[in-house]
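In: Predicted model and sequence below, questions to follow.
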Amino acid sequence: MPGLVDMHVHLWGIGGDPMRARLEALNRDRFDDEMTAVANARTTLNSGFTSVRDLGGDPRGIRALRDAIDAGTVEGPSITNAGEMISVTGGHGDGGNGLAEEFADMVHGKEVNLCDGPDDCRRAVRAQVALGARVINSRPPAVFSRT
């Protein structure tokens, strides 16, 4: 049944297999993930989904995939892309979570999606838009009550 719309996909990378992702982290890079995204896009289209909202892929990579699909170079559904999710430091979208301090520091040195406070969050949103995002995916911090 063609014409389905999926509002939350992750075309980028191997997804859905955290153990495999950890094992391959040292020998895979964004170029490997791009090839997987191309295959995932084709599979998604062949499954009947003609439009998707990708919420968390590499911002430039998903933009390139979106543009290649729009140009007819690659088979896949039309993509509304968010790039990386906007997250507070230590939140769900913080790539440094769970890493040893020296590795977390290296990861944080390259992340543009983390923010703390309104001005910093505006900066993070603008960074994703500059990288081609058409929508923004954010994860607010958990709210705890003392009741």
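Out: Ah, there it is.
In: Can you name the helix or strand that Ile14 falls in?
Out: With secondary structure defined by DSSP states H and E, Ile14 is part of neither a helix nor a strand.
In: give me the number of residues near it?
Out: Other residues near Ile14 number 16, with proximity taken as other C-beta atoms under 10 Å. The C-beta positions use only the backbone N, C-alpha and C, and glycine is treated the same way.
In: So which residues of the protein form strands?
Out: With DSSP state E as the criterion, the chain has strands at 4-9, 49-54, 78-81, 86-87, 138-139.
In: between the ones you listed, which gets the lowest average pLDDT?
Out: For the strands of the chain, mean pLDDT drops lowest on strand 138-139, to a mean of 76.
In: Show me the contact partners of stretch 57-64.
Out: Applying C-beta atoms under 8 Å, 6 or more residues apart in numbering, the external contacts of stretch 57-64 come out as 10-13, 30, 33-34, 37, 54, 65, 79, 81, 83-84, 128, 131-133.
In: 7 Å instead, please
Out: Outside of stretch 57-64, the residues within contact range by C-beta atoms under 7 Å, 6 or more residues apart in numbering are 10-12, 30, 33-34, 37, 54, 79, 81, 83-84, 128, 131-133.
In: Identify, by residue count, the longest helix of the chain.
Out: In the chain, taking DSSP state H as the definition, the longest helix is helix 30-46.
In: by contact count, what packs against that one?
Out: Packing partners of helix 30-46 (3 or more C-beta pairs under 7 Å, 6 or more residues apart in numbering; DSSP states H and E): helix 59-71.
In: mind running it again at 10 Å?
Out: The criterion is 3 or more C-beta pairs under 10 Å, 6 or more residues apart in numbering; DSSP states H and E, and the helices and strands that helix 30-46 contacts are strand 4-9, strand 49-54, helix 59-71, strand 78-81.
In: Mind listing the strands the second one pairs with, and their directions?
Out: When you say that, I think you mean strand 49-54. Applying DSSP bridges, strand 49-54 is found paired with strand 4-9 (parallel), strand 78-81 (parallel).
In: ok so, going back, next, format the strands of the chain as JSON lines and append mean neighbour count and distance to Glu101.
Out: Rendered in JSON lines, the data for the strands of the chain read as follows (neighbours: other C-beta atoms under 10 Å; distance: least, C-beta to C-beta, whole Å):
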{"stretch": "strand 4-9", "mean neighbour count": "13", "distance to Glu101": "32"}
{"stretch": "strand 49-54", "mean neighbour count": "20", "distance to Glu101": "31"}
{"stretch": "strand 78-81", "mean neighbour count": "20", "distance to Glu101": "32"}
{"stretch": "strand 86-87", "mean neighbour count": "24", "distance to Glu101": "19"}
{"stretch": "strand 138-139", "mean neighbour count": "16", "distance to Glu101": "23"}
